[in-house]
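Engineer: generate coordinates for the sequence data below:
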Amino acid sequence: MTTFNYAATAATATRLLQRFGASATIKRQTTGAYDPSTGTTPVTVTELATTAAVFAYDQKYIDGTLILQGDQRALLAPYQEPRQGDKLTWQGKDFEIIAVKPTSPAGMPVLFEAQLRG
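Structural biologist: Predicted coordinates:
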């Protein structure tokens, strides 16, 4: 029995996204511990570089509940895992990541699909 090389598949997906997509940034907010002396909670934004291709959803998928008019579908390189609630900056515009679905045969991500709103 031969073992399939999913790292090579992930590298191919990344090359295709670099060729046909564009650079993008995932912005992730993390909240620190509440400071009672100042009454504030510190928020840190981490920026993660990635590559993405963004497409409009076909009209047949827009149901007005889960997928809204104007939502976009993004394919993202596997080296940065997006999370629900992150922001994706693509071509100068910020989108909220609503949902993320990894393509992970044998548990190794080769591509991420994200639903964007914004």
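Engineer: centre-most residue in the protein?
Structural biologist: The chain has P82 as the residue nearest its centroid, 3.9 Å off, counting by C-alpha atoms, centre = their mean.
Engineer: for M1, give me the pLDDT.
Structural biologist: At M1, the pLDDT value in this model is 46.
Engineer: the residue nearest to the centre of the chain touches K27, doesn't it?
Structural biologist: No - using C-beta atoms under 8 Å, P82 is not in contact with K27, being 10.2 Å away. The C-beta positions use only the backbone N, C-alpha and C, and glycine is treated the same way.
Engineer: so what sits against both of the two?
Structural biologist: Common contacts of P82 and K27 (C-beta atoms under 8 Å, 6 or more residues apart in numbering): L88.
Engineer: quick check: most distant residue from the centroid of the chain.
Structural biologist: S37 (36.3 Å).
Engineer: which SS class is that residue?
Structural biologist: With DSSP: H, G, I helix; E, B strand; the rest coil as the basis, S37 sits in coil.
Engineer: could you pull up the residues touching it?
Structural biologist: Here S37 is in contact with no residue (C-beta under 8 Å, 6+ apart).
Engineer: any figure for the gap between it and L88?
Structural biologist: Note on S37: its distance to L88, by C-beta to C-beta, to the nearest Å, is 35 Å.
Engineer: for A8, which three-state class applies?
Structural biologist: Going by three-state DSSP: A8 is helix.
Engineer: ok, it - contacts?
Structural biologist: Counting by C-beta under 8 Å, 6+ apart, A8 has no contacts.
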